[in-house]
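1. With the input below, show me the fold.
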Amino acid sequence: MARSICLCIFLLFITWIPILSTSFPLSTKTRWIVDEKGQRVKLACVNWPAHLQPAVAEGLSKQPLDSISKKIVSMGFNCVRLTWPLDLMTNDTLARKITVKQSFESLNLFDDALGIQIHNPKILNLPIFNAFQEVVSNLGQNGLMVILDNHLTYPGWCCSDNDLDAFFGYPNFDPVIWAKGLGKMATLFRNVTNVIGMSLRNEPRGTRDYPDLWFRFMPKGAEAVHAANPEVLVILSGIDFDTNLSFLRDRFFNVSFTDKLVFEQHWYSFSHEGGAWVKHNSNDICAKIIGEVNHNGGFLLDRGFPLILSEFGTDERGVDVSGNRYMNCLVAWAAEKDLDWAVWALTGDYYLRTGTKHMVETYGVLDATWKNVRNSTYLQKLSGIQHPFRGPGLQEKKLILHPHTGLCVTNNHSGNVPTLRLELCTKSEPSTFNPKEGILWINKMCVETPDVAGQKVKLGVGTKCSKLGQISATKMHLSFKTSNGLLLCLDVDERDNSIVANPCKCLTKDASCDPASHFPLSTKTRWIVDEKGQRVKLACVNWPAHLQPAVAEGLSKQPLDSISKKIVSMGFNCVRLTWPLDLMTNDTLARKITVKQSFESLNLFDDALGIQIHNPKILNLPIFNAFQEVVSNLGQNGLMVILDNHLTYPGWCCSDNDLDAFFGYPNFDPVIWAKGLGKMATLFRNVTNVIGMSLRNEPRGTRDYPDLWFRFMPKGAEAVHAANPEVLVILSGIDFDTNLSFLRDRFFNVSFTDKLVFEQHWYSFSHEGGAWVKHNSNDICAKIIGEVNHNGGFLLDRGFPLILSEFGTDERGVDVSGNRYMNCLVAWAAEKDLDWAVWALTGDYYLRTGTKHMVETYGVLDATWKNVRNSTYLQKLSGIQHPFRGPGLQEKKLILHPHTGLCVTNNHSGNVPTLRLELCTKSEPSTFNPKEGILWINKMCVETPDVAGQKVKLGVGTKCSKLGQISATKMHLSFKTSNGLLLCLDVDERDNSIVANPCKCLTKDASCDPASQWFKKS
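-> From the prediction side, this is the model:
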């Protein structure tokens, strides 16, 4: 439960003093921004976009302006970088003649206009510029400083190389008009004291962004602002999307003023080599990129000029591995340099972005309600750099920061013996560390390291001070050696934020390892959670590697890295990678036979050639080393891995007559099996993306009675846990893993609990033969869901995680049973919010039951291993790929349409709001209480039509219609018209709009398919 303190513990001289009143205006003093008294003012800002159509600050249709300002303050920010389009100063019609209401209505944003009328009526009929002034004024009333950032020329989204306003001289970037616009804006805010700076232009870029043009025109913009308003800071961006100011190393910028000049730089995870954060070890790439950032802009600090990191951030859902790693590195650098900064962005969602209404901003610190924090952990990380560490007029206080959490190292006084722990930096005691001396002092007590891994780090009075070293490229691991020579590092146990000693990890080379990761995973009642106790939903795909020739399928068709990236692009976050037990019990297979030899022994010469072309690195590797390469590459692409022991000897699985079907069968020796599991667990002990091990696929046969299961399954579980206590231990049931009902009355005892997970399989053929075409879909779906819940689903209610680890159907769409079953399964998986693994990734097999290149019709990739087999099928799965609820997550209630995998939302494109389907990640919250019968979509309720075939409208609550849940599945949402006709919500697949149609297929009729009328609450 611990995390290495690399990318984590960082030596800093941090100052914390009470917030003092700031005397405006601000100016510069060498590299610092200071107030009128000459005291350092640190800018800890958030970007608030107001540059997109309709040229109004985002979010004002969701919350009152004053509430948003107060929320900014409550999150610890003291400043807002408020964006604006140049057109606001150069187009009087936009600025002075078009009102907020007119601007929204011209874009068909009627619901937003209504929202502003409700939340901010004062600005509704103001001209656009006056509304902008109101925002600045309210920010000032709440004590917030403002930087006015000229983001682009005309209202819209920014930025790409091909934009017509990308750089000086582009069609929509006239330098003369730009300078005049800047001067006009500076004049209009001349006497507004909380406007402390103006950023001249956001992210200059494009094919012409060479320095000569920059030196020609940027001074003119700077002088225009300073002449119009000599009180404000003048903030200059670089080129290459403001990532590059290196041209100032040898040629400097001359203006008529100096004490108002500030530079800005941007840094995102994608600002450098594509995929760098997952291709390379985190320490190595962090050190490398910090070197580049310092070369491109950070050097200005050393030369005595202030530098603001005015844009940075990442996806706050936590799903972007690159972004997560980059943020840990960035926070460490920002703390070391004690930077002023502005995070992107405040935004919960946008009114209109690139033609899409209410697009969610996953980088936004607020969620789509504009009321709640999107990710409190992310905000805590930023809290570690919100206060000044040093600077003119401040008393220095030295602290040690843990960048991953934003907390600082301090003394834990709660026990009998003082130990180290993390605490808010504002509450932490002073600490010092001299790398040459190697002694870490916390308020006159020194660190005494333990001699055993896993123990807490103590503090003493100086008689037994331990010497620590800084290792890895980042110098952020604090290490020491035990008496027996074991190298340990300071680490964090996130259960109580105590500092412990653990084996150093991720020091170099291994890209799959994340020194600041949330791994390992564990369980919390029915949920799988990370080290912080936050739910992690597994949305996996099965990748077979258990057939002859015991190599992951598809590597003769595409490069391994391309396949891994394809898995990510399809929305999966995890792979259930199958393997034969023989890989661990037969050293000849595992260590002595190469990939090439294995293929050639099976006459698979064309596949050997394909691997030589696409994956030459593995061709001459032993089979097990090739397996390791697959796991490693999946980790480099941010994919978790479950290692599934699928069978004993390489081949196809499964039938009742297999010789390895169950414990005690000729090819299933329980003792050898347990040893093999333990050996595999040991070999992947330090591979962090291996998060679980499935003990055996589909136990089955004539002997699959529970007594043998209870006798041997615990031994396999204990073998895995003893060898690798970090991984989840995943147990399958009997009857081809369709049945765990024997656990209803007799439970499974092992020595551990927080790693125990169960798995269940469900295919269309798992039940009565032909059931899905013999019976009405509503009736059979309800019946089989009852059986599935009885046989395994009940474990969720008893507080145990359950993974639906195999399911799927023929993706050619020709299997009526399979199509109907999948709609039923997706509805159940959404209702239960299950973790799952679909069968399968496979486009085709090298060799299956004697046939070469047999196509896998259940595979999400086609036989080229490059293209998606059925995009409609993949969209269906997308509806259950993201979590709806769980520990640490804000619950998002949605109504899912299982047949499409889309969710019900508001259709904002027309004059009258109506219902339609949209990607669930873009859909607005919806609630439906069966007792009340009212379907709400983000505070608007459904108003049903009185005629079949018409679209279903949304209103503000005066004409809410009552809906009933009918049929055995309760997935038809029905109502009666004024003349007594029973209608149901349905989908018009021409435009995904929700319409009212006569209810169909309610019961009995087996030939009818009701899927278009099925809706399920998540």
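2. Would you map the helices across the stretch 501-650 of the chain?
-> Assignment of helices within the stretch 501-650 of the chain using DSSP state H, counting those that start in this stretch yields the ranges 560-569, 582-585, 587, 595-601, 605-614, 616-619, 623-636.
3. Distance of the most centrally placed residue in the chain relative to G571?
-> When the chain is reduced to its mean C-alpha position, the closest residue under CA atoms, centre = their mean turns out to be V319, at 2.0 Å. Distance of V319 to G571, computed by CB to CB, to the nearest Å: 10 Å. Backbone N, C-alpha and C define where each C-beta goes, glycine included.
4. Pull the number of nearby residues for Q39.
-> 18 (other CB atoms under 10 Å).
5. no wait, H790
-> By other CB under 10 Å, 13 other residues sit near H790.
6. and if you look at the one 3 residues further on?
-> For G793, the count of nearby residues is 21 (other CB under 10 Å).
7. is it true that it touches K832?
-> Yes - taking CB atoms under 8 Å as the contact criterion, G793 and K832 are neighbours in contact, 6.6 Å apart.
8. one step back: pull the contacting residues for the residue nearest to the centre of the chain.
-> By CB atoms under 8 Å, 6 or more residues apart in numbering, the contact list for V319 reads N573.
9. From G221, how far out is the closest residue to A228 other than its chain neighbours?
-> The shortest distance from A228 to any residue that is not its chain neighbour, by CB to CB, 6 or more residues apart in numbering, is 3.8 Å, and that residue is A186. Using CB to CB, one gets 10 Å for the distance from A186 to G221.
10. Likewise for A782?
-> A782 sits 68 Å away from G221, taking CB to CB as the criterion.
11. ok, now K832?
-> To G221, K832 is 58 Å away according to CB to CB.
12. if we can go back for a sec, can you check which residues contact both of A186 and G221?
-> With CB under 8 Å, 6+ apart applied, the contact sets of A186 and G221 do not overlap.
13. picking up where we left off before, tell me which of A782 and G221 has more neighbours.
-> Each of A782 and G221 had its neighbours counted (other CB under 10 Å), and the higher figure belongs to G221 (23 against 17).
14. Centre of the chain to the helix or strand harbouring that one, how far?
-> With the criterion set as DSSP states H and E, the secondary-structure element containing G221 is helix 211-228. Mean C-alpha position of helix 211-228 versus that of the full chain (CA atoms, centre = their mean, to the nearest Å) differs by 40 Å.
15. May I see the helices of the stretch 501-650 of the chain arranged in CSV, with distance to N229, mean pLDDT and mean neighbour count as well?
-> What follows is the helices of the stretch 501-650 of the chain, written out as CSV (distance: least, CB to CB, whole Å; pLDDT from 0 to 100; neighbours: other CB atoms under 10 Å):
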stretch, distance to N229, mean pLDDT, mean neighbour count
helix 560-569, 48, 94, 19
helix 582-585, 71, 97, 21
helix 587, 77, 93, 12
helix 595-601, 69, 97, 19
helix 605-614, 61, 97, 18
helix 616-619, 60, 95, 17
helix 623-636, 50, 90, 22
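16. And these: which comes nearest Y210?
-> The closest of those to Y210 is helix 560-569. By CB to CB, the value is 33.2 Å.
17. Dump that closest one to PDB, keeping only the CA atoms.
-> Once non-C-alpha atoms are left out, helix 560-569 reads as follows in PDB (Å, rounded to 0.1, in the frame of the first residue of the first chain):
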ATOM      1  CA  LEU A 560       3.300  -4.800 -30.800                       C
ATOM      2  CA  ASP A 561       3.300  -1.100 -30.000                       C
ATOM      3  CA  SER A 562       0.600  -0.500 -32.700                       C
ATOM      4  CA  ILE A 563      -1.600  -3.100 -31.200                       C
ATOM      5  CA  SER A 564      -1.200  -1.700 -27.700                       C
ATOM      6  CA  LYS A 565      -2.100   1.800 -28.900                       C
ATOM      7  CA  LYS A 566      -5.100   0.400 -30.800                       C
ATOM      8  CA  ILE A 567      -6.300  -1.100 -27.600                       C
ATOM      9  CA  VAL A 568      -6.100   2.300 -25.900                       C
ATOM     10  CA  SER A 569      -7.800   4.000 -28.800                       C
END
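18. Just checking the distance from it to the centre of its chain.
-> Centre-to-centre, helix 560-569 and its host chain are 17 Å apart (CA atoms, centre = their mean).
19. Which strands and helices lie in contact with that helix?
-> In this structure, helix 560-569 makes packing contacts with helix 623-636, judged by 3 or more CB pairs under 8 Å, 6 or more residues apart in numbering; DSSP states H and E.
20. Which strands or helices does the helix it packs on pack on?
-> Helix 623-636 makes packing contacts with helix 560-569, strand 574-580, helix 582-585, helix 595-601, helix 616-619, strand 640-647 when contacts are defined by 3+ CB pairs under 8 Å, 6+ apart.
21. now these in JSON lines, with distance to P998?
-> Supplementary listing: the helices and strands packed on helix 623-636 in JSON lines, determined by distance: least, CB to CB, whole Å:
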{"stretch": "helix 560-569", "distance to P998": "40"}
{"stretch": "strand 574-580", "distance to P998": "42"}
{"stretch": "helix 582-585", "distance to P998": "57"}
{"stretch": "helix 595-601", "distance to P998": "58"}
{"stretch": "helix 616-619", "distance to P998": "58"}
{"stretch": "strand 640-647", "distance to P998": "45"}
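22. Going along the chain, name the helices of the stretch 201-350 of the chain.
-> If you assign secondary structure with DSSP H, counting those that start in this stretch, the helices in the stretch 201-350 of the chain sit at 211-228, 276-279, 282-293, 299-302, 321-337.
23. Out of those helices, which is closest to R685?
-> Nearest to R685 among these is helix 282-293 (19.2 Å), distances taken as CB to CB.
24. Tell me which residues of that closest one come out buried.
-> Judged by neighbour count (16 or more other CB atoms under 10 Å), helix 282-293 contains these buried residues: S282, N283, D284, I285, C286, A287, K288, I289, I290, E292, V293.
25. what angle separates that helix from helix 321-337?
-> Inter-element angle recorded for helix 282-293 and helix 321-337: 60 degrees (by axes from the mean of the first three to the mean of the last three CA atoms, to 10 degrees).
26. Tell me how far whichever strand or helix holds V492 lies from the chain's centre.
-> In this assignment (DSSP H and E), V492 forms part of strand 487-493. For strand 487-493, the distance from its own C-alpha centre to the chain's C-alpha centre is 26 Å (CA atoms, centre = their mean).
27. Check which helices and strands it is in contact with.
-> Counting contacts by 3+ CB pairs under 8 Å, 6+ apart, strand 487-493 is packed against strand 2-4, strand 477-481, strand 498-503.
28. What pairs with it, parallel or antiparallel?
-> Strand 487-493 pairs in its sheet with strand 2-4 (antiparallel), strand 477-481 (antiparallel), strand 498-503 (antiparallel), by DSSP bridges.
29. can I get the ones you listed in JSON lines with mean pLDDT, mean neighbour count and distance to A996?
-> Shown next, in JSON lines, are these (pLDDT from 0 to 100; neighbours: other CB atoms under 10 Å; distance: least, CB to CB, whole Å):
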{"stretch": "strand 2-4", "mean pLDDT": "37", "mean neighbour count": "25", "distance to A996": "53"}
{"stretch": "strand 477-481", "mean pLDDT": "91", "mean neighbour count": "22", "distance to A996": "63"}
{"stretch": "strand 498-503", "mean pLDDT": "86", "mean neighbour count": "21", "distance to A996": "59"}
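30. Minimum distance to A227: which of those strands has it?
-> Checking the strands paired with strand 487-493 against A227 by CB to CB gives strand 477-481 as the closest, at 51.4 Å.
31. Could you count how many residues lie near the closest residue to L647 other than its chain neighbours?
-> Excluding the flanking residues, the one nearest L647 by CB to CB, 6+ apart is C653, at 4.6 Å. Using other CB under 10 Å, C653 is surrounded by 19 other residues.
32. which SSE is C653 in?
-> Remark: C653 resides in no helix or strand, with elements defined by DSSP H and E.
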